[in-house]
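Enquirer: Sequence plus the predicted model coming up.
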Amino acid sequence: MLPILLIAACLGCKKKEPVGPPVVVITKTDTTFGQQNNEHISVLTQHNDNSRAGLNNQETVLTTSNVNSSQFGKLFSLTVDDEVYAQPLVVSNLTIGSGMHNVLFIATVNNTVYAFDADKGRLYWKKNFTELGMNPPNSNDMASSWCTPYNNITYHIGIIGTPVIDSLAQTIYFVARSKNGSAFFQYLHAVNIVTGAEQPGSPVMITANVPGTGDGNINSVVSFDPLRNNQRQGLALVNGVVYISFASHCDWNPYHGWILGYNSTTLQQQIVYNDTPNGEEGGLWESGMGIAADPQGNLYVVTGNGTVGKPSTYTGGGNGTNETGSSADPTDPAGRSESAMKLTPSGNTLQISSYFTPTNYVDLNVNDLDYGVMGTLLIPNSSYYVTGAKNGNLYLLNKDNMGGYDAVFDHAQQLIPLNASMHCQPAYYKGSTTEFFYVWSENDQLRAFSFDRGSNKFITNPIASTVPGPTGQSGAVLSVSGNGTKDGTGIVWASYAMSGDAESFLTPGVLRAFDANNVTKELWNSAQNSADFVGNYAKFSPPTIANGHVYLATFSNRVIVYGLK
Amino acid sequence: MLRFMIKKNILLFLAIVCFIVACGKKNRSAKVTTLAGSGTMNFADGKGTDAAFSNLMGLAIDSADNIYVADSRNNRIRKVSSDGTVITIAGSGKDGSEDGKGTSASFFFPVAVATGTNGNVYVADTHNSLIRKIGPDGTVTTLVGRNQPVKKDLSDSLQKLDNPYGIAVGKDGTVYFTDWAKDLVCKISPDGKLSEVAGDGAPGAEDGIGHAASFYLPEGIAVDDHNNLYVADCYNNTIRKIDANGVVTTLAGKAFKRNQGSKNGKGAMASFNHPCGIAVDQKGNVYVADVGNNKIRKITADGVVSTFAGTGQRGLANGDVKSASFNRPFGVAVDRAGNVYIADYQNNLVRKISY
């Protein structure tokens, strides 16, 4: 009788509370939590780690066999108070809510941060970080001579860049923006991930100054502008320093590209770097991708239009770059727009250890063909860094010897024409036989380039999907999941606007899954079943894959959670 | 009287016949077919679907109705005969800028081709920023562009091209090309002299004479028998005309911010979305590969724009022009009989539109 009762009780439990896929617990030593299992993977930073490869290679639930329209789909959605630009992050096995749970962190443009149970959707805490008595800035504040109305961001402009989490310190770092009338502020917050409370010393107002005669200088001092400087890139936590980069809103001058570094414990500012102190512009934004970094603490970034070397014809004011002529010295490190850079901390700033500026930087400036547009990534376990420009070219660079500037030839490791504008986030995967770099820019196809370790170049004829891709001026944002290099587990996840131009308009989104070893094989997409509908596409927010779930931000005030049904 | 009536009836009969023939011709619908290509991004010579291209972009037709293809991602120039047989006339497949014969030469993402006199084929070797010439025997030489280091005091900026995207050859052998990133239209006269035709070197949409005019990342270019040039002014989403005196006007479309569209109509009433390829027939009709709209548009000599083929949806359907579909058609060419050929970029196909 007892066994029957137990079985009945178990069945009853199942009915009451549906459970997800079985969890396989594999206990190993882990520096983060003391124990690890393969179903408890954290995603603590934009695109998984500082290489920005966008790869979770410890996904053991989702496979190419079970991600299909009959087994995989929307499980639930999490309602939030505004649009979500930041990639959702996951901390696994966090002691919270009287137990250990996988927790999902979501930040909205209304400056609200949420901590949800990543598996069941329970809200642990939420908190709004708009300064007391203030409001988040909005798109009307960014109207300028080029962009009226300004519609690159729909309305609120609170937390845009993806936060970064220090799991040991149990702290999430992010930049929230507030305004009080015509006064604008940006604050770096360090918040306890268990309680939502500010950590000691948090927040700190973001300010910065460098000596320089560039655009907007006052008495030869160039200052950070909390109104014009747009914090789009994901933050990076590198060797105890939280790095934050800035570009602009629609090239609204005067502005400069900045990287600021804050001690992750004290929140003291310890790095200030401006890429055009004597010139203009040089924004860093990378379609929202996080700042890439290596274990030695070097940062890898790309910059948009603006001053290259010594300023030339720049006159200040207006919108767009005034740098329409050749520089007297394009190699002058004080001006590094239209470039890729390896930056090494040195004292209280960053030094350029290596850089690449294309030969045709003037033409790029003149035609608004920013070099720094695509999210960049370091190919894991290699010396190579992939960048992409608005002129439609992928530039593969040796990260330690990028090629500098040459008036005649580009000394990039490899140049691959893609014939599209590259407002996108690429990703990487290592399969059992082949390493792939995936990119899906607007008006192009999903392409998988295999990386040849012999030549350290991409094989130039990629595998391409024939699935219709994004149009307009906003490409796809990609992530990859797989169980190591095991065949049958690699999946490329692509999120983009199903129609229309997501650059400036709300558009319905679509999430697609492809076999990572053969992207001509689509496994699933959110349009196959109306229940899986995404809502409005969240520009520059790639899917997060962790613990058998796919978390997708939207501009419909919710985050969708997909998984095995 | 009877004679008169017979004559009248004969005339009436002839008139009816003429009317029926005329109506039949007018109502005759053009059909889209696939001339060559497997559809898979690859490289293969062969007939029809045995052949393969990789993101082909430009097309040109010679006097014998052979079609030349800038097979961009294969870094090769291909030739398609009227029965769909594809051969490779130049390019090793590796990216490079080697001159030489046939497949010993190399290109880097050539985007456009044009046919000239004496069997010469001209190539906009885009990512080498060179203009190349392929002789009748397949020998590739470099016509214009800087592929060697130059001294800093070289003042002629034209020596350094920046991504030529379109190319055309006039009856007198003059080669015209667009310099995409320099926003210029240039020409190489038969004696080899390089000069600028129009554009001030900065992005803009000004009409005017020569350097007073401006373009924004111009791509395709075509020339008619009267030496009028037609330019697909890609980022302005307009079609420009440059007459033999260098006067630049806007034939169709209107340049303003976010002006993409697919409206038919006359002149400025019409709109385009990333027009890239362009061709002109003997009657002065201009055909435009309207890439972003996945359509082929037709512009009459007086500037009336209509949709010639394509539903607008991405696809590879053959059949009636109204139901056929393309996937980012970048190149267009028209032969003497009025057949139109399309470089269907993402379908990796050469398509043909004929009556």
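Expert: Looks like it came in fine.
Enquirer: Where in chain A is the helix or strand with the lowest mean pLDDT?
Expert: One helix or strand of chain A scores below all others by mean pLDDT, DSSP states H and E: helix A:2-16, with a mean of 37.
Enquirer: Show the contacting residues for A:Asn102.
Expert: A:His40, A:Val90, A:Val91, A:Ser92, A:Asn93, A:Leu94, A:Asp117, A:Ala118, A:Asp119, A:Ala546, A:Asn547 (CB atoms under 8 Å, 6 or more residues apart in numbering or on different chains). For every residue, glycine as well, the C-beta is placed using N, CA and C.
Enquirer: between those residues, which is nearest B:Thr40?
Expert: Comparing the contacts of A:Asn102 against B:Thr40 with CB to CB places A:Ala546 closest, at 35.4 Å.
Enquirer: Quick one: name the residues of chain B near chain A.
Expert: Where chain B comes near chain A, counting by CB under 8 Å from any CB of the partner chain, the residues are B:41-43, B:54-55, B:57, B:72-74, B:95, B:108-109, B:126-127, B:146, B:149-150, B:152, B:162-163, B:181-183, B:201-203, B:216-217, B:235, B:258, B:274, B:291-292, B:314, B:327-328, B:346.
Enquirer: that older thread, of the contacts of A:Asn102, just the buried ones, PyMOL syntax please.
Expert: Burial among those is assessed by 16 or more other CB atoms under 10 Å in any protein chain shown; the matching PyMOL selection reads:
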select buried, chain A and resi 40+90+91+92+93+94+117+118+119+546+547
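Enquirer: quick one: low-confidence parts of the stretch 101-250 of chain B?
Expert: Where the stretch 101-250 of chain B drops to pLDDT under 70, the residues are B:147-159.
Enquirer: Can you name the residue of the stretch 451-565 of chain A nearest chain B?
Expert: Closest to chain B within the stretch 451-565 of chain A is A:Pro468: 4.8 Å, counting by CB to the nearest CB.
Enquirer: Quick check: closest non-adjacent residue to that residue.
Expert: Distances taken as CB to CB, 6 or more residues apart in numbering or on different chains put B:Arg314 closest to A:Pro468, at 4.8 Å, once the chain neighbours are dropped.
Enquirer: Please name every helix or strand in contact with the helix or strand following the least confident helix or strand of chain A.
Expert: Downstream of helix A:2-16, the next assigned helix or strand under DSSP states H and E is strand A:55-56. Strand A:55-56 sits against strand A:427-430, strand A:477-481, with contacts defined as 3 or more CB pairs under 8 Å, 6 or more residues apart in numbering or on different chains; DSSP states H and E.
Enquirer: Poorly predicted segments of chain A, please.
Expert: Checking chain A against pLDDT under 70 turns up A:1-39, A:313-318.
Enquirer: Which positions in it make contact with chain B?
Expert: Counting by CB under 8 Å from any CB, the residues of chain A near chain B are A:324, A:360, A:363-364, A:366-369, A:391, A:393, A:407-409, A:415, A:417, A:419, A:443-445, A:460-462, A:464, A:466, A:468, A:471, A:504.
Enquirer: Of the residues you listed, which belong to helices?
Expert: Secondary structure from DSSP state H places A:Asp363, A:Leu364, A:Val366 of the residues of chain A next to chain B in helices.
Enquirer: List the contacts of the nearest residue to the last one once chain neighbours are set aside.
Expert: Right, A:Val366. Computed as CB to CB, 6+ apart, the closest residue to A:Val366 that is not its neighbour in sequence is A:Thr324, at 5.2 Å. Going by CB under 8 Å, 6+ apart, A:Thr324 touches A:Ser312, A:Thr313, A:Val362, A:Asn365, A:Val366, B:Ala202.
Enquirer: Distance of A:Thr324 relative to A:Tyr361?
Expert: Counting by CB to CB, to the nearest Å, the gap from A:Thr324 to A:Tyr361 is 11 Å.
Enquirer: Sounds good, over and out.
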